[in-house]
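K.L.:
Prediction below, plus the sequence it came from.
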Amino acid sequence: MTIVGVILAGGEGRRLGGVRKADLRLGNRALIDWVSGALEAQCSAIVISSGPKAFSAVPGRVCLADAENGIAGPTAGLLAGALWVRANARDSLMLSVSVDTPFWPDDFARRAADLLTGGHHCVVSAFGERDYPTNALWRPGPLISHLETIAPAPRGPSIRSVQAALGVRRLDYAQTHAQNPFAGVNTCGDLLALSRRLGQPER
């Protein structure tokens, strides 16, 4: 089974002063480059979900803008990615990863695929008691079918509600990793905390 990686990079970075998260640097490397590098060994293709407006600052990557007058927020990015997968890599699974997740684990796709069975159409990343809904493995077909039944609205639907509707399983890394591989960047303090992890073992 092939897997297409979709990097969710459409956030406005409001708590970071309006700086696009994809451009933030960790160890003199842009966050989007960290995530792209982590996904290359797990995915047959990688595309960028860039939110309402496509940006072209990622050489060699397809950038997908949200559909106009459709659902809003991160779920719009999921729909754009899933539609691309259906059109260009039919029968592939879709791995969505937030652009601010630089320490993405190299075995997530393999471990999650083993859990994607029966009536479960999504596997969400978790660390201890906390889930990270944007970071998940999906069956694109059921995801598209569900999202296309939802009327457009200024906000939502939430990714958690979508996962609950599709049937979701958790993949908890607290049992195998000493540090949270799904930790993201919402504030300058978060970026500083992640910078302290550079060079440290993740397991």
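P.N.:
All right, it came through fine.

K.L.:
For burial, what's the neighbour tally of the closest residue to residue 197 other than its chain neighbours?
P.N.:
Leaving aside its sequence neighbours, residue 197 sits nearest to residue 179 (C-beta to C-beta, 6 or more residues apart in numbering; 6.3 Å). Glycine gets a C-beta too; all of them are placed from N, C-alpha and C. For residue 179, the neighbour count with other C-beta atoms under 10 Å is 15.

K.L.:
Surely residue 179 is in contact with residue 128?
P.N.:
No - if you go by C-beta atoms under 8 Å, residue 179 and residue 128 don't touch, sitting 11.6 Å apart.

K.L.:
Can you check which residues contact both of these two?
P.N.:
Overlap of the contact sets of residue 179 and residue 128 (by C-beta atoms under 8 Å, 6 or more residues apart in numbering) is empty.

K.L.:
beta partners for residue 168?
P.N.:
residue 122 (DSSP bridges).

K.L.:
ok but residue 47 is inside a strand, no?
P.N.:
Yes - counting by DSSP: H, G, I helix; E, B strand; the rest coil, one finds residue 47 located in a strand.

K.L.:
hmm, back to that, measure the residue nearest to residue 197 to residue 30 for me?
P.N.:
Residue 179 is 21 Å from residue 30, where distance means C-beta to C-beta, to the nearest Å.

K.L.:
so where do the helices sit in this protein?
P.N.:
With DSSP state H as the criterion, the chain has helices at 31-40, 74-88, 108-115, 140-147, 159-166, 188-195.

K.L.:
Could you export these as CSV, including distance to residue 5?
P.N.:
Compiled in CSV, those are given as follows (distance: least, C-beta to C-beta, whole Å):
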stretch, distance to residue 5
helix 31-40, 4
helix 74-88, 9
helix 108-115, 8
helix 140-147, 13
helix 159-166, 17
helix 188-195, 20
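
K.L.:
most neighbours per residue, which of those?
P.N.:
helix 74-88 (a mean of 22; mean count of other C-beta atoms under 10 Å).

K.L.:
still on that earlier bit, tell me the spacing between the residue nearest to residue 197 and residue 168.
P.N.:
24 Å.

K.L.:
Contacts for the longest strand seen in the chain next, please.
P.N.:
Using DSSP state E, we find that the single longest strand of the chain is strand 130-138. The contact list for strand 130-138 (C-beta under 8 Å, 6+ apart) reads 3, 8, 74, 78, 82, 93-98, 101, 104, 108-109, 112-113, 116, 121-126, 158-160, 163, 166, 168, 170, 182, 184.

K.L.:
pLDDT of that strand, averaged?
P.N.:
Averaged over strand 130-138, pLDDT sits at 97.
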